[in-house]
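Q: Build me a structure from this.
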Amino acid sequence: MMKQIIISTHIFLLFFLTVEVRSQNLYNARSLSMAGSNVAITEGNEYIGGNPAVLALPRHFNFEILLVSAHAMLRNNSYSLTEYDRYFTTGDSLSSSDIDFLASRIPDNGLKGEFNTDARALAFYARPFSLSIGGMGNGFVNFPKDAARIPFYGNTEIKEFKIDDLDGEAWAGGSLDFGIAFPITEWTPAEFDFFSVGLTAKYIVGFQYANIENSSGTLITTDDYLLVDAMIETRRSEGGSGWGVDLGILGIYEEDWTLSLHFSNILGEIFWNKENKIDVIEYEADSLFHIEEIANFADKRIDTTLSIGRFGTGLPRSATFSTAYRLQPNLVLTGSYRQGFNEELGNTTIPRVAGGVEYAPVPFVPLRAGIAVGGKSSFSLGLGFGIDLKYWQLNIGYLNHNFRWFRGARSVDVAVTTQFRF
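A: Numbers count the residues shown, from 1 in each chain. The predicted model follows:
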């Protein structure tokens, strides 16, 4: 019974605000495998979410059709898949030491789950233009440590748990992106073999948006009952629209160096105007019920819904400086520095520094790796490879967060990209 309570309650906690979302910053498989350090060497449709100035680069292939670029990330800050299998799938009862261990894994800032999924299809590139349609968005939910520990210890003692500062946000949308670049080499110093500027204009359709505006309350456990006095206020919308603009410059210096600077969403906003609501969920102080009724927790509440007018959310704004050095014809070293300017829609103002390498021991199988520090992920390591058969490409990327591997990791972050080019 205790195990069922823990599982059901944490599923409720983790997915309270979940909607199907897609991430704002599209990570194609090549970018993911190099930890985002490869902005200066992106080509064709790979530029999406990066520097549009690369669209003007002379290439062997001047036309591309992107078949699919898909990315999925799930992450929490407490439990790995190995721990989940060990404690929740065996059918064995949890001992008191097991419960103490699981509860101790929750950090002081609470139990946090994050998710990103994105897909890009129907993308076309013909130098120096690109037109693409895709999805974007992201979300998170963070539960205070006290609230997250309740299912582990239940009503074994009379205790008061604080459930203030519940936080979360989720959104989903789609976009039509048009990128264009212009070579301006003739107006730059002679040391530059190539120089270009670029612009991306985006029309964004918002599908859903939800966030927690306020939360407060306490929960008191006794030997037989739960006493709840809490309030959660959320804001949501069923749709809207907006626009965004990216700007970039790119230069090739003395043949082997590539320098890139771009600004994401330097202008733009999403305006939400469809079925906008404020939901207030209250668990009254007299909501006294048996611990066995925890599965019916949602029935012990009072809902109030209020219609509201249009509101806007800013887009994630950032600047990224990137560089690449071609050490050998089949070996490239890359680096980047990203600085966010707001915390809108999953963005962060924590700087992120990344470095990477791409090496092709044989021309049609490039191998890639990258490492990054800072940003939302702290430490991360990217690995991946590609299959390049001239007119067809397939790339696969994997990003590891905080150097925990596979089933020992607290996250899954993978991407696949494939396209034709002529």
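Q: As a check, name the ranges of all strands in the stretch 151-300 of the chain.
A: Counting by DSSP state E, counting those that start in this stretch, the segments of the stretch 151-300 of the chain that form strands are 159-162, 167-183, 192-221, 225-237, 240-253, 257-272, 277-290.
Q: for the shortest one, packing partners?
A: Think strand 159-162. On a contact count with 3 or more C-beta pairs under 8 Å, 6 or more residues apart in numbering; DSSP states H and E, strand 159-162 meets helix 145-153, strand 192-221. For glycine as for every other residue, the C-beta is placed from the backbone atoms N, C-alpha and C.
Q: For it, give the mean pLDDT please.
A: For strand 159-162, the per-residue pLDDT values average out at 71.
Q: which parts of that strand are buried?
A: residue 161 (16 or more other C-beta atoms under 10 Å).
Q: which outside residues touch it?
A: Contact with strand 159-162 is made by 144, 146-147, 149-150, 153, 218-221, as judged by C-beta atoms under 8 Å, 6 or more residues apart in numbering.
Q: Format these as CSV; extra columns: neighbour count, pLDDT and distance to residue 332.
A: As requested, the contacts of strand 159-162 are exported to CSV (neighbours: other C-beta atoms under 10 Å; pLDDT from 0 to 100; distance: C-beta to C-beta, whole Å):
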residue, neighbour count, pLDDT, distance to residue 332
144, 20, 82, 46
146, 18, 74, 49
147, 24, 70, 48
149, 19, 71, 48
150, 23, 68, 51
153, 17, 67, 53
218, 17, 79, 56
219, 19, 74, 55
220, 16, 74, 60
221, 19, 72, 58
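Q: any idea which of the residues you listed is the one closest to residue 262?
A: residue 144 (37.9 Å; C-beta to C-beta).
Q: wait, isn't residue 194 in contact with residue 181?
A: No: the pair residue 194 / residue 181 is not scored as a contact, 11.1 Å apart, by C-beta atoms under 8 Å.
Q: between the two, what contacts are shared?
A: Shared contacts of residue 194 and residue 181, counting by C-beta under 8 Å, 6+ apart, come down to residue 250.
Q: quick one: which of those two has more around it?
A: residue 181 (25 against 17; other C-beta atoms under 10 Å).
Q: beta partners for the more buried one?
A: residue 198 (DSSP bridges).
Q: In contact with it, which residues are there?
A: Contacts for residue 181 (C-beta under 8 Å, 6+ apart) come out as 52-56, 128, 196-199, 248, 250.
Q: ok, now with 6 Å
A: Applying C-beta atoms under 6 Å, 6 or more residues apart in numbering, we find residue 181 in contact with 52-53, 55-56, 128, 196, 198.
Q: repeat for residue 384
A: Counting by C-beta under 6 Å, 6+ apart, residue 384 has contacts 33, 368, 396-397.
Q: Appreciated, that's everything.
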